[in-house]
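Engineer: The following comprises the amino acid sequence and a computationally predicted model.
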Amino acid sequence: MFNISAFSLYDAVFIVIAGVTLLAALGVVLLPNIIYSALSLILTFLGVAAIFFQLNSGFIGVIQILVYAGAISILILFAVMLLMNIEPGRTNLPTTRLKALFAGGGITAMFLTALIAAIGFTKWPQLQLITTDNSVEMLAEAMLGDYVIAFEAAAILLLASVIGAILIAKGVQEK
Amino acid sequence: MEHLITNLFLFFTNWLVSLGLPPVWADTALLIVKWTLIVIIIILNITILIWLERKVSGFFQERLGPNRLGPFGAFQTIADAIKLMTKEDIVPCAADKLIFKTAPMFFIVVSVLLYTVIPMGKDLQVIDMNVGVLFFISIGSLSTIAILMAGWGSNNKWSLMGAVRSVAQMVSYAIPLAFSLLGVVMITGSMNLQDIVEAQKNVWFIILQPIAFITYFIAATAELNRGPFDMPEAEQELTGGAYTEYTGMRWALFFLAEYTNLVAVSALMATVFLGGWQGPWLPSWLWIIIKTYGIILVFFWVKWTFPRIRMDHLMSFSWKFLVPVTLANILLTGAGIYFFQWIGWC
């Protein structure tokens, strides 16, 4: 899709996509209206998908749009819109309680330090540049070949959870 | 004639490179030119399509349709466009203004993005993506968000009700939509749309996959919110659904996006089931236009023939009929592929 040799253009595109994604992710946390948060979550997912496209991994990018931006975000928006009965502008306010602020800030700082340390100390292997995208074939071979039992087990687990959710929502009928 | 457009593009990039521009920038410029051309073609095409739909509906209802402005009423759409552009832009004071204003823009951007992967001729494609079919489906699923934004942002119970209906319908019908394309992908062994066109050199997929063609057509009608599945608009019960509060150019953008989606879906059907740009005598880009228009006329035919069906019937039709049928079609296709490999036909 994009030519790697044109380093400057490639970098510029990445910076724009990453900037939009980060701004949208900040919007999810900081915006006071929960509908706006959900919509910026969609923008975040689209930004991540764009990064996948730029890395020549079209399949993962498309699945990111289809599953996260197209399905999960819509479920979130749907649930919020149908369940909300207070004024939307005050649904996602930042907390004013000091203890909660300290606890949240502390946990965030801990995670951030651990993450930065992990990224810094890991010896990253030199990855090969991917010029042709054959991720579909490779994923299919991995999922339906070597890991087929784990794949099927995950599918059965998901099916069981879907049936369980329906049962909880409908309620068990006494006979 | 065959290579007219590709040669023009090649001439353009060569000219830019000869001016001293690096090839990558020339390619980027070519992409911008292609997008501009697509947008211009979409807008010009829609004036024709709206006139055609009015004429076809007039024919079905035994009346004349537009017949005053220009020959056969052909300038009626242009007059309508001028009216829509000069209309007052009304934003309800209780509306969520940011969401209300972004919804039509988001819708039209998503609709135009659909044209990224459609092969509009031999070697004539914006991006030759090897997951083209999936890209089309996933981008198409994003238009749900635009309708939900419009319904919520209007702050009107009819709008929200229309949006909720539309989302329920589009999420349900996206599943048979994707499943019916899977049969074709299984036969071709590729999700690249150019490969799918090449695979239909001898026989069109409408003959190998007739069930998939019909289920895809039904599911696509529901995804496009067109009659007989136009529950989200349902003028008689919802006064226009998600578009109730929109006027002038903002409403026109929704209208434009719906027709843009219609053309894109018809072009995809022509590509996947009717042999795409392949055909004798005429150049390839003309063939895809002819086939697309043929399918659009079928969409018109269906819309003006069948009455609107009830919402609960619509949902149970998708989950209890279309999804099992498309699943059975996938099973049948897989069994068929193994059978023909076993007897050595492919």
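Structural biologist: Looks like it arrived, so ask away.
Engineer: Domains in the chain, by residue range?
Structural biologist: Looking at chain A here, since you left the chain open. A:1-103, A:134-175 (automatic domain parsing).
Engineer: Not quite, go with chain B.
Structural biologist: According to automatic domain parsing, the ranges for chain B are B:1-86, B:97-342.
Engineer: Deepest-packed of those, please.
Structural biologist: domain B:97-342 (a mean of 20; mean count of other CB atoms under 10 Å in any protein chain shown). The way it works is simple: take the backbone N, C-alpha and C, and place the C-beta from them, glycine included.
Engineer: avg pLDDT for it?
Structural biologist: For domain B:97-342, mean pLDDT is 86.
Engineer: That one and chain A, any residue contact?
Structural biologist: Yes. Applying CB under 8 Å from any CB of the partner chain, one finds that domain B:97-342 is in contact with chain A at B:98-99, B:127, B:129-131, B:134-135, B:137-139, B:141-142, B:144-145, B:148-149, B:152, B:160, B:164, B:167, B:171, B:174, B:191.
Engineer: which helices and strands sit right next to the helix or strand where B:I337 lies?
Structural biologist: Assigned by DSSP states H and E, B:I337 belongs to helix B:323-342. With contacts defined as 3 or more CB pairs under 8 Å, 6 or more residues apart in numbering or on different chains; DSSP states H and E, the packing partners of helix B:323-342 are helix B:157-188, helix B:210-223.
Engineer: roughly how far is the longest one from the heart of the chain?
Structural biologist: Here helix B:157-188 is found 13 Å from its chain centre; the criterion is CA atoms, centre = their mean, to the nearest Å.
Engineer: what's the helix or strand following that helix packed up against?
Structural biologist: Downstream of helix B:157-188, the first helix or strand assigned by DSSP H and E is helix B:193-199. For helix B:193-199, the packing partners by 3+ CB pairs under 8 Å, 6+ apart come out as helix B:132-141, helix B:157-188, helix B:248-273.
Engineer: ok and the last one relative to helix B:132-141, angle-wise?
Structural biologist: Interaxial angle of helix B:248-273 relative to helix B:132-141 (axes from the mean of the first three to the mean of the last three CA atoms, to 10 degrees): 160 degrees.
Engineer: to the chain's geometric centre, what's the distance from helix B:248-273?
Structural biologist: 4 Å.
Engineer: Quote the end-to-end distance of stretch B:146-165.
Structural biologist: 14 Å (CA to CA, to the nearest Å).
Engineer: rank the domains of chain A by pLDDT, which is bottom?
Structural biologist: When I compare these, domain A:1-103 is least confident, with a mean of 82.
Engineer: roughly how far is that domain from the heart of the chain?
Structural biologist: 8 Å.
Engineer: The host helix or strand of B:I40 to helix B:248-273, inter-axis angle?
Structural biologist: Here B:I40 sits within helix B:23-60, counting by DSSP H and E. For helix B:23-60 against helix B:248-273, the angle between stretch directions is 100 degrees (the same axes, to 10 degrees).
Engineer: need the contact list for the nearest residue to B:V17 once chain neighbours are set aside.
Structural biologist: Using CB to CB, 6 or more residues apart in numbering or on different chains and skipping the chain neighbours, the partner closest in space to B:V17 is B:A26 (5.1 Å). Residues in contact with B:A26 (CB atoms under 8 Å, 6 or more residues apart in numbering or on different chains) are B:T13, B:L16, B:V17.
Engineer: wait, doesn't the first one sit right on B:W25?
Structural biologist: No. Checked against CB atoms under 8 Å, the pair B:T13 and B:W25 is beyond contact range at 10.0 Å.
Engineer: Okay, the residue positioned nearest the centre of chain A and B:P66: tell me how far apart.
Structural biologist: In chain A, the C-alpha nearest the mean C-alpha coordinate belongs to A:F45, at 5.8 Å (CA atoms, centre = their mean). Applying CB to CB, to the nearest Å, the value for A:F45 to B:P66 is 43 Å.
Engineer: ok so, going back, which secondary structure state is assigned to the residue nearest to the centre of chain A?
Structural biologist: The three-state label given to A:F45 by DSSP: H, G, I helix; E, B strand; the rest coil is helix.
Engineer: Not counting its neighbours along the chain, what's nearest B:T326?
Structural biologist: B:F179 (3.7 Å).
Engineer: Run a quick check on the one you found versus B:I330, I expect a contact.
Structural biologist: Yes. The criterion here is CB under 8 Å, and B:F179 meets it with B:I330 at 6.4 Å.
Engineer: Pull the distance from the helix holding B:I40 to the chain's centre.
Structural biologist: Using CA atoms, centre = their mean, the offset of helix B:23-60 from its chain centre is 12 Å.
Engineer: ditto for stretch B:62-78
Structural biologist: That offset, for stretch B:62-78, works out to 25 Å (CA atoms, centre = their mean).
Engineer: What of stretch A:165-175?
Structural biologist: For stretch A:165-175, the distance to the chain centre is 31 Å (CA atoms, centre = their mean).
Engineer: Does that stretch reach chain B?
Structural biologist: No. Stretch A:165-175 lies apart from chain B when judged by CB under 8 Å from any CB; the minimum separation is 12.8 Å.
Engineer: C-alpha coordinates for that stretch, CSV please?
Structural biologist: Output in CSV follows, covering the C-alpha atoms of stretch A:165-175 (Å, rounded to 0.1, in the frame of the first residue of the first chain):
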residue,chain,number,x,y,z
ALA,A,165,-26.4,-14.1,28.7
ILE,A,166,-29.7,-14.9,27.0
LEU,A,167,-30.9,-17.0,30.0
ILE,A,168,-30.0,-14.3,32.5
ALA,A,169,-31.7,-11.6,30.4
LYS,A,170,-34.9,-13.7,29.9
GLY,A,171,-35.0,-15.1,33.4
VAL,A,172,-35.6,-18.7,34.2
GLN,A,173,-39.3,-19.7,34.0
GLU,A,174,-40.8,-21.7,36.9
LYS,A,175,-42.7,-24.8,35.8
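Engineer: Identify all contacting residues around stretch A:62-72.
Structural biologist: Residues lying outside stretch A:62-72 but in contact with it, judged by CB under 8 Å, 6+ apart, are A:42, A:45-46, A:48-49, A:52, B:131, B:134-135, B:137-139, B:141-142, B:144-145, B:171, B:174.
Engineer: ok, 7 Å please
Structural biologist: Stretch A:62-72 is contacted by residues A:42, A:45-46, A:48-49, A:52, B:131, B:134-135, B:137-139, B:141-142 when judged by CB atoms under 7 Å, 6 or more residues apart in numbering or on different chains.
Engineer: farthest pair in those residues?
Structural biologist: Pairwise distances across the contacts of stretch A:62-72 (CB to CB) peak at 20.7 Å, for the pair A:I42 and B:V131.
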